[in-house]
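> Structure for the following, please:
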Amino acid sequence: MKKLLLICSIILFSFINNAKAQNPIDVGQMQLNAGFGLSNYGLPVYVGLDYGIHPDITIGGEVSFRSYRENYFGTKYGHNIFGFSANGNYHFNTIMGIPDNFDFYAGANVGFVMWNSPRGYGGSRTSGLGLGLQVGGRYYFNEKFGINLEFGGGNAFSGGKIGVSVRF
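Presented below is the predicted three-dimensional model:
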């Protein structure tokens, strides 16, 4: 995963030119993010919202869902997982002189995950609170629409995410 993150960072920064740096999200502006994730426990689908509170800082929330099947001692069990998280990110555009069609950020999140497992399941999948870190980037095709890629770890929201971002 570290190699993939390094390669993605190199590719991202190889496209950066000397354009004027601006903030990815203005103070008071919102951005909707949605897409799919990478996980050991099914294919997560997520939707989130970011809100600019400082020229370089956003806060936000996210809701995710995934479903998967597991073979536990010869019996197949289906699980549904709901996640709710809050996050804060620092955007490096200003400090690194990154053009406004790119956004490179890192931050932390806290979230709650609810594992819905069937009756009789004896495994260790449980609901709980988790803390995590994330690093990501976006490329905007225009002032409103872009794509995002994010990697995170440390909690049930760990893994990678790819999706779209829409600024309001």
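> Contact partners for residue 143?
residue 167 (C-beta atoms under 8 Å, 6 or more residues apart in numbering). Yep, even glycine has a C-beta here, placed from its N, CA and C like the rest.
> helix or strand for it, which one?
Per DSSP states H and E, residue 143 falls between elements, in no helix or strand.
> swap in the one 3 residues further on?
Element membership for residue 146, per DSSP H and E: strand 145-153.
> where does this structure have low pLDDT?
Applying pLDDT under 70 to the chain flags residues 1-23, 120, 122-125, 154-158.
> quick one: the strands in it?
Ranges of strands in the chain, per DSSP state E, are 30-38, 45-54, 57-72, 75-91, 102-116, 128-140, 145-153, 159-167.
> Pull out the C-alpha coordinates of the third one and format them as PDB.
Which is strand 57-72. Written as PDB, here are the backbone C-alpha positions of strand 57-72 (Å, rounded to 0.1, in the frame of the first residue of the first chain):
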ATOM      1  CA  ILE A  57      -8.900  23.300   6.700                       C
ATOM      2  CA  THR A  58     -12.100  21.400   6.200                       C
ATOM      3  CA  ILE A  59     -14.300  19.400   8.500                       C
ATOM      4  CA  GLY A  60     -16.900  16.900   7.400                       C
ATOM      5  CA  GLY A  61     -18.800  13.700   7.800                       C
ATOM      6  CA  GLU A  62     -19.300  10.500   6.000                       C
ATOM      7  CA  VAL A  63     -21.700   7.600   5.800                       C
ATOM      8  CA  SER A  64     -20.700   4.200   4.400                       C
ATOM      9  CA  PHE A  65     -22.300   0.800   3.800                       C
ATOM     10  CA  ARG A  66     -20.800  -2.600   2.800                       C
ATOM     11  CA  SER A  67     -22.000  -6.100   2.700                       C
ATOM     12  CA  TYR A  68     -20.100  -9.400   2.600                       C
ATOM     13  CA  ARG A  69     -20.300 -13.100   3.200                       C
ATOM     14  CA  GLU A  70     -18.000 -15.100   5.500                       C
ATOM     15  CA  ASN A  71     -17.400 -18.800   5.900                       C
ATOM     16  CA  TYR A  72     -17.100 -19.400   9.600                       C
END
